[in-house]
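A.B. asks: Structure for the following, please:
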Amino acid sequence: MPTLRSLLLLAALPLLAAPPLPDTPRRPVADTYQGVRVSEDYRWLEASGDPAVKAWSAAQNDRSRAYLDGLPGRAALKARIEGLIRGESVDYQVEAVRAGLLFAYRIDPRKQQPALVTLSSTDAARSERVLLDPNILDASGAVAMDWFVVSPDGRRVGVSLSRGGSEAGDLHLFDAASGQPVGEIIPHVQNGTAGGSMAFNADASGFWYTRYPRGGERPAADAAFYQQIWFHRIGTATEADTCELGAGLPKVAECLLQTKADGRWVLAEIKNGDGGEVAFRIRRTEPGSAWIPLSGFRDRITKAAFGTDDSLWLLSLKQAPRGRLLRLDLAGTPALARARTVVPPSDGAIESFLPTASRLYVQDVLGGPSRIRVFTLEGRRLKDLPILPVSWAGAMVPLGGDDLLFRNDSFTVPAATWSLRSGVLARTALARTSPADFGDVEVLRRTVPGRDGTPIPVTILKRRGTALDGQSPLLLYAYGGFGVSEVPGFSPLRRIWLDRGGLWAVANIRGGAEFGDPWHQAGRLLKKQNCFDDFHACARWLIDNHFTSPARLAIMGGSNGGLLMGAVLTQHPDLCRAVVSEVGIYDMLRNELTPNGVFNVLEYGSVRDPAQFRALYGYSPLHHVRDGAAYPAVLLTTGANDPRVEPWQSRKFCARLQAASSSGRPVFLRTSENAGHGIGSSLDETIAEATDIYGFLMDQLGMH
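C.D. replies: Predicted coordinates for the structure are as follows:
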């Protein structure tokens, strides 16, 4: 319970009054699921093209802007955020090395979008040459690179370009030497639901690519499904392309392609939606070769990487929930039965791995932080690579021989690219610098008992000397879904929060993969409630141990983390003072009627299954808003072009909360007309959203 002191403090906070609410009619409709009649009042807000919905959304935006733009100190806050972001150095994220050149994203904090460059060396940025700069294509930052792929010989690069955060990308080819376009533009190889990919053949005369239905091939409702793999020969019409993998693939197939460095093999990773099921097929790149089934969904092979010799390395979760690594000889016809275990299961969960000439580098996650183990190809463990404490290390890129590059950053140290050459580890010049200094910040790792006794890691950032008297503002963040691990990472904007006397925390709740596949399985389908219970347990522990109090606690999450926010605030409305929920899912009964919601069924479940319906209905945030409950202040954000979570999710939840809450605390909806799910957002949009979020939280928690 809040202390008297915290209640008096909160009562004295100079909060800005919220403008009046727009008129939101109730239009009741009802559906029956598994014999249960479920009604709602705001179904009409799902019609994005309806003029009434557009007017309502604009009115909500006007209301939000009146409050956010009128916050005291907003101009200074935005200037501080701009200074921290634009004051960082140019950053280079190396994705591939071909023919002695490093192909990298160049992230310039003074430009709207990253550019694609080549580097002749890691020693100095002056070695760079720009291949493609989306800022030249559109100065507003509306054009973004979804991904790029370099041919085995380094002569050609394929780039997916999309607009406005839509993630609906067309494939463009470029000559790596001249930067000039090559061949034809392949339409819609990338989408926000299933993503996209491509892989060149040995001589870069053609490539395999992901293709969505075109024209009248399927009904319009299926345009985001039935991803297939086709082959295109450069210089020919796309209408002459051939389908190589299509029949038998799931409706929710998500395909990722990779070519072996010597150009002899191409591998297709095929996911069955978002639930963690993966299959692999492989073929030689010579014309006329056939695709060979390598593993199916039940084989529990989840990742693969080509060796430098004639081998394929596989991550298996079968009888190894945290993963073991197999080596498969590609001589003859590849068969999974011939694969042998080289790296057995350990105390860490394998996230990624890189085989080189005589070494195998294995990146593990240990409840959040990383470790990089080193083995011989026969499986003898050598000395681990030294990395920063409580940090993330990964993005390993081979340099030839046993040399490699990798990235490493922590909560307090910006990301840097490190090189291992001839056994010597060195920090390269491709290192990010920041005007934010975290030298006075300590990182505390604690373990919190969950509702069922499961230990849940939580990490807290605090300035040294901050008193743990329960009066500090604290922002707690989590995700908890789809087997995505919440790992350490640097953000200069946390300096703003810490400088105002705040604490910042992240919880490694179930649903991620911080402890391997069991951690994921314990937070999906019928066990999704574990995620919400874990988060609540972490928040209560922080309160009970005097890091903060309910009156000084804010919580934040996005996408699946937005679902987390919706569930926590409806299940525990007295837990915290303010909530920021970005691009969240709130109506779990109608989510599967959306394109991306179909992909989510293997993670969340379906109302068509009786047990899964009961679980979904049991926590669906929209359906658990109670009239008269005293809800915290809430800021909901969404993007008009979001391909992953429909904006109507936020509209309906906003309307329901505004009608129900008795606390007098505001519920705001922020819709960006020029953004999507946040992927590919322009720098201006990133700064604007950060200013709104920090302004809202600081006002609600009295951090002026």
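A.B. asks: What residue, apart from its backbone neighbours, is nearest the spatially most central residue of the chain spatially?
C.D. replies: By CA atoms, centre = their mean, the chain has its centre lying nearest to residue 484, at 7.7 Å. If the residues on either side of it in the chain are set aside, residue 484 comes closest to residue 512, at 5.5 Å by CB to CB, 6 or more residues apart in numbering. In short, each C-beta sits where N, CA and C put it, glycine included.
A.B. asks: From residue 675, how far out is the one you found?
C.D. replies: 25 Å (CB to CB, to the nearest Å).
A.B. asks: ditto for residue 436
C.D. replies: In terms of CB to CB, residue 436 sits 25 Å off from residue 675.
A.B. asks: Neighbour count for these two, which is higher?
C.D. replies: residue 675 (26 against 22; other CB atoms under 10 Å).
A.B. asks: Might you report the residue contacts of the nearest residue to the more buried one once chain neighbours are set aside?
C.D. replies: Closest residue in space to residue 675, ignoring its immediate chain neighbours: residue 639 at 3.8 Å, by CB to CB, 6+ apart. Residue 639 makes contact with 165, 583, 647, 671, 672, 675, 676, 677, 678, 681, according to CB atoms under 8 Å, 6 or more residues apart in numbering.
A.B. asks: distance of residue 499 from residue 473?
C.D. replies: 12 Å.
A.B. asks: hang on, I meant residue 681
C.D. replies: From residue 681 to residue 473 the distance is 27 Å (CB to CB).
A.B. asks: Please apply the same query to residue 355.
C.D. replies: Distance from residue 355 to residue 473, by CB to CB: 47 Å.
A.B. asks: What ranges does the stretch 251-400 of the chain have for its helices?
C.D. replies: With DSSP state H, counting those that start in this stretch as the criterion, the stretch 251-400 of the chain has no helices.
A.B. asks: Please enumerate the strands of it.
C.D. replies: In the stretch 251-400 of the chain, the strands defined using DSSP state E, counting those that start in this stretch lie at 253-259, 265-272, 278-284, 292-295, 301-306, 311-316, 324-329, 340-343, 349-355, 359-365, 370-376, 391-400.
A.B. asks: Below-threshold pLDDT in the stretch 301-450 of the chain: ranges please.
C.D. replies: Within the stretch 301-450 of the chain, no stretch has pLDDT under 70.
A.B. asks: Also the chain?
C.D. replies: 1-16, 124-126.
A.B. asks: Toward the C-terminus, what is the element adjacent to the one helix or strand residue 232 maps to?
C.D. replies: Under the criterion of DSSP states H and E, residue 232 resides in strand 228-233. For strand 228-233, the following helix or strand on the C-terminal side (DSSP H and E) is strand 242-245.
A.B. asks: Mind listing the strands that following strand pairs with, and their directions?
C.D. replies: strand 228-233 (antiparallel) (DSSP bridges).
A.B. asks: And for the partner strand, what's in contact with it?
C.D. replies: By CB under 8 Å, 6+ apart, strand 228-233 touches 184, 186, 205-211, 238, 240-246, 249, 253, 255, 257, 268.
A.B. asks: Quick one: buried ones out of these?
C.D. replies: 184, 186, 206-211, 238, 241, 244-245, 249, 253, 255, 257, 268 (16 or more other CB atoms under 10 Å).
A.B. asks: hmm, back to that, go through the strand holding residue 232 and flag the buried ones.
C.D. replies: Result for strand 228-233 [16+ other CB under 10 Å]: buried residues 228, 229, 230, 231, 232.
A.B. asks: how about residue 548, what does it touch?
C.D. replies: Per CB under 8 Å, 6+ apart, neighbours of residue 548: 470, 471, 472, 473, 474, 503, 542.
A.B. asks: Helix, strand, or coil at the first one?
C.D. replies: This points to residue 470. At residue 470 the chain is in coil, as set by DSSP: H, G, I helix; E, B strand; the rest coil.
A.B. asks: Looking at residue 499 and residue 473, which one has more neighbours?
C.D. replies: residue 473 (24 against 13).
A.B. asks: Does the more buried one touch residue 504 like I think?
C.D. replies: No: contact criterion CB atoms under 8 Å: residue 473 and residue 504 do not qualify, at 9.6 Å.
A.B. asks: tell me, what's touching those two both at once?
C.D. replies: With CB under 8 Å, 6+ apart, residue 473 and residue 504 have common neighbours residue 497.
A.B. asks: Which stretches in this structure count as helices?
C.D. replies: In the chain, the segments counted as helices under DSSP state H are 4-11, 51-69, 74-86, 134-137, 494-499, 517-521, 529-544, 560-571, 595-604, 610-619, 647-660, 683-700.
A.B. asks: okay, the third one in CSV with CA atoms only?
C.D. replies: Output of helix 74-86 as CSV, limited to C-alpha atoms (Å, rounded to 0.1, in the frame of the first residue of the first chain):
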residue,chain,number,x,y,z
ARG,A,74,8.8,20.4,-23.0
ALA,A,75,11.1,22.5,-25.2
ALA,A,76,14.0,21.9,-22.9
LEU,A,77,13.2,18.2,-22.7
LYS,A,78,13.1,17.8,-26.5
ALA,A,79,16.4,19.7,-26.8
ARG,A,80,18.0,17.4,-24.3
ILE,A,81,16.7,14.3,-26.2
GLU,A,82,17.9,15.7,-29.5
GLY,A,83,21.3,16.5,-28.0
LEU,A,84,21.7,13.0,-26.6
ILE,A,85,20.7,11.3,-29.8
ARG,A,86,22.3,13.6,-32.4
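A.B. asks: Report the angle between it and helix 51-69.
C.D. replies: 90 degrees (axes from the mean of the first three to the mean of the last three CA atoms, to 10 degrees).
A.B. asks: ok, and what's touching helix 74-86?
C.D. replies: 68, 71, 109-110, 434-436, 492-493, 495-496, 683, 686-687, 690-691, 694-695, 698.
A.B. asks: run the last query once more with 7 Å
C.D. replies: 109-110, 435-436, 492-493, 495-496, 687, 690-691, 694-695 (CB atoms under 7 Å, 6 or more residues apart in numbering).
A.B. asks: same thing with the longest one?
C.D. replies: Among residues not part of helix 51-69, those counted as contacts by CB under 7 Å, 6+ apart are 16, 18-19, 22, 24, 45, 47, 651, 654, 666, 668-671, 692, 695-696.
A.B. asks: Then the fourth one?
C.D. replies: Residues external to helix 134-137 that are found in contact with it (CB under 7 Å, 6+ apart): 111, 112, 113, 115, 141, 143, 144, 145, 161.
A.B. asks: Now with 10 Å, please.
C.D. replies: Helix 134-137 has contacts (CB atoms under 10 Å, 6 or more residues apart in numbering) with 108, 110-116, 130, 141-145, 159, 161-163, 680, 682-683.
A.B. asks: Now that helix - C-alpha only, CSV.
C.D. replies: Extracted in CSV, the C-alpha atoms of helix 134-137 (Å, rounded to 0.1, in the frame of the first residue of the first chain):
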residue,chain,number,x,y,z
PRO,A,134,17.7,6.3,-48.4
ASN,A,135,18.0,9.9,-47.2
ILE,A,136,18.7,10.9,-50.8
LEU,A,137,15.7,9.0,-52.0
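A.B. asks: what comes up buried for that helix?
C.D. replies: Result for helix 134-137 [16+ other CB under 10 Å]: buried residues 134, 135.
A.B. asks: so how far is it from its chain's centroid?
C.D. replies: Between the centre of helix 134-137 and the centre of its host chain there is 24 Å, according to CA atoms, centre = their mean, to the nearest Å.
A.B. asks: still on that earlier bit, in strands, which of the contacts of residue 639 fall?
C.D. replies: Here DSSP state E is the test, and those give 671, 672 as lying in strands.
A.B. asks: Return the closest of the contacts of residue 639 with respect to residue 411.
C.D. replies: residue 678 (20.8 Å; CB to CB).
A.B. asks: Once you drop chain neighbours, what's closest to that closest one?
C.D. replies: Per CB to CB, 6+ apart, closest to residue 678 is residue 583, 6.4 Å.
A.B. asks: The one you found contacts residue 638, correct?
C.D. replies: Yes: applying CB atoms under 10 Å, one finds residue 583 in contact with residue 638, separated by 5.6 Å.
A.B. asks: That's all I had, so thanks and see you.
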